[in-house]
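In: Dropping the sequence and predicted coords here.
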Amino acid sequence: YRESGSTKKLLLVYLFYFLALFAKEPAAFLPLIVLCLDILLFRLKIRDLFKLKELKRYVLFAVPLIIYLLMRHIVLGVGAQFGEFTLAERIHTAITLFAYYNGTLLYPYPLALYPPFEISSNFKSFPFFLSFITTLIFVGALFFFIKKQKNILAFSFIWFAVFLSPVLIVIGGYWQYRPFERYLFIPGIALAIILGYVCSRAFVYSRGTRYVVALLLLFIIGGSWLIVFPRNKDWRDSEALITKTLQQNPNVHLIRRELGEIYFQKGEFEKAKVEFEYLIEKAPDWKDITMAYKGMGDYYRAKGDSDEALGYYLKATETGRSPRDYVSYNNVGSLYMDKENYLKGFSYFCQSLQLFPTTEVQNNFDAAVSLIDSTHIKTNTLHEAILREFEKSLEKKIIYQDKRCEEKSCQFAFSLQTGIPEALPPFLITAASASGKEIEITNKSFNPQTGIIILETGSSYKDQMLSFIFPNCARIYYEAIANPQ
């Protein structure tokens, strides 16, 4: 476009910029590269950038960028998350990672999927001092090249910094603070530009320098082969790659859990157990520790030890409450059903459905309801069983309001307090007299607009004090007392 000035080609620039955003999100910073090209290579004067004609060309890059961000928001729902880190940690990490990537680009050995790295704010440490010096050298070299008008070298340094900046600035959580080799894919083009520039200058300098450059290139190619080729055996399958990675960095808990799953799927249960136990012992506060507990539950279930399996599955439900944890809740429910504790089994199936409804869990839920009906409801033991298996809440979320009695029935009204998040299965709602005798509730209704629950019993209880209990899926019940007055 700079050579022809064609509007058609300028439109193609915006089009390809838009397509580049779909290929790799760091392409959002391409307008900065275009600006550097204009100043350093096309010799555009800085004062000309502020002329309306030139300024519009740069502002129009915002159009495809905004369209892309809107599409991204529609599909993903949210933008980038920045994690919970202090300003000091962000500055320390940005400088440390910048130096790390500089070193990795020049000497990428040993290759590692998850290099060891810790978040820190210790500005007095020696590693940070070296990182800071490396950053100063980089910045100093950039200004030196600009001052000496070594524009191609200056452009390559800017290229590296611009395309590495998303990793250092737009942080998407803890794992974006991890140094990953793949983040050097686009910034690494800067090294190719520098090598190309050095080789081209050396080739025209003298015949001797040509041989030096040729030997240098052979050295780089040979060294790269020696580093990369042996790595191929580590990538032959997931197990080999994960095992090698854990040898380099044993604190990558995510892939250790994956290794445990691989062993389990292969039937190597003892190896799987070792990995899950390692996580539970060494990383009890890991955010996904629930998956290690689930893994141990799977191990003992496969071994036929249902009691140990139940214990670990329960720990999994205590430490995890995301949609993927529906499996642990379903497993707990199944084990309680095997023990003929249908109320507890029902409660865990209910919670599993709330997390992630599936046909399997729904079938288990329906089976539990059927068994509760035959073993407790039809035998008038439901009230007693709930008092035994569920825990009474101290909160007064359901309040008795009034009763209205006719010749054959009495209706009791209860108000549901606002903000109550639990599901209250209607068939579990029961009533009992002061003596503990279970009373049949002949009809149940709920008005969601008014938050009023109506329970109907026989009229013979109109002058008695009755206890109504309202269980939820979390094995908590709320009690409301209906006084005879």
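Out: Thanks, I have it.
In: Tell me the spatial nearest neighbour of residue 160, not counting adjacent residues.
Out: residue 190 (3.8 Å; CB to CB, 6 or more residues apart in numbering). For every residue, glycine as well, the C-beta is placed using N, CA and C.
In: Against residue 33, how distant is that neighbour?
Out: 11 Å (CB to CB, to the nearest Å).
In: Residue 401 now?
Out: Residue 401 is 70 Å from residue 33, by CB to CB.
In: about what we covered before: give me phi/psi at the residue nearest to residue 160?
Out: phi -60, psi -40 (degrees, to the nearest 10).
In: That one contacts residue 152, doesn't it?
Out: No: look at residue 190 against residue 152 with CB atoms under 8 Å: they stay out of range, at 10.6 Å.
In: Between these two, point out the one with more neighbours.
Out: residue 190 (22 against 16; other CB atoms under 10 Å).
In: Tell me how far residue 411 lies from residue 458.
Out: 11 Å.
In: what stretches of the stretch 101-250 of the chain score poorly on pLDDT?
Out: 170-177 (pLDDT under 70).
In: Contacts made by stretch 309-324 with the rest, please.
Out: 288-291, 293-294, 296-301, 325, 328-329, 331-332, 335-336, 348, 351, 355-356 (CB atoms under 8 Å, 6 or more residues apart in numbering).
In: from those, which ones fall inside helices?
Out: Residues from those lying in helices, with DSSP state H as the criterion: 289-291, 293-294, 296-301, 328-329, 331-332, 335-336, 348, 351, 355.
In: from these, which would you call buried?
Out: 289-291, 293-294, 296-301, 328-329, 331-332, 335-336, 348, 351, 355 (16 or more other CB atoms under 10 Å).
In: Spit out the contact partners of residue 271.
Out: Going by CB under 8 Å, 6+ apart, residue 271 touches 260, 263.
In: Put the alpha carbons of the helix or strand containing it into PDB.
Out: In the assignment (DSSP states H and E), residue 271 maps to helix 269-282. What follows is helix 269-282, C-alpha atoms only, in PDB (Å, rounded to 0.1, in the frame of the first residue of the first chain):
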ATOM      1  CA  PHE A 269      -4.400 -48.900  39.400                       C
ATOM      2  CA  GLU A 270      -1.400 -48.800  41.700                       C
ATOM      3  CA  LYS A 271       0.500 -46.300  39.500                       C
ATOM      4  CA  ALA A 272      -2.600 -44.200  39.400                       C
ATOM      5  CA  LYS A 273      -2.900 -44.400  43.200                       C
ATOM      6  CA  VAL A 274       0.600 -43.100  43.600                       C
ATOM      7  CA  GLU A 275      -0.100 -40.000  41.500                       C
ATOM      8  CA  PHE A 276      -3.400 -39.200  43.300                       C
ATOM      9  CA  GLU A 277      -1.800 -39.700  46.800                       C
ATOM     10  CA  TYR A 278       1.100 -37.400  45.800                       C
ATOM     11  CA  LEU A 279      -1.400 -34.600  45.100                       C
ATOM     12  CA  ILE A 280      -3.400 -35.100  48.300                       C
ATOM     13  CA  GLU A 281      -0.200 -35.100  50.400                       C
ATOM     14  CA  LYS A 282       1.900 -32.400  48.600                       C
END
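In: and that helix with helix 289-302, angle?
Out: Here the directions of helix 269-282 and helix 289-302 differ by 150 degrees (axes from the mean of the first three to the mean of the last three CA atoms, to 10 degrees).
In: now residue 457, what's its secondary structure?
Out: strand (DSSP: H, G, I helix; E, B strand; the rest coil).
In: separation between residue 479 and residue 429?
Out: Residue 479 is 11 Å from residue 429, by CB to CB.
In: repeat for residue 325
Out: Distance from residue 325 to residue 429, by CB to CB: 28 Å.
In: same question, residue 123
Out: 61 Å.
In: Fine, thanks again, bye for now.
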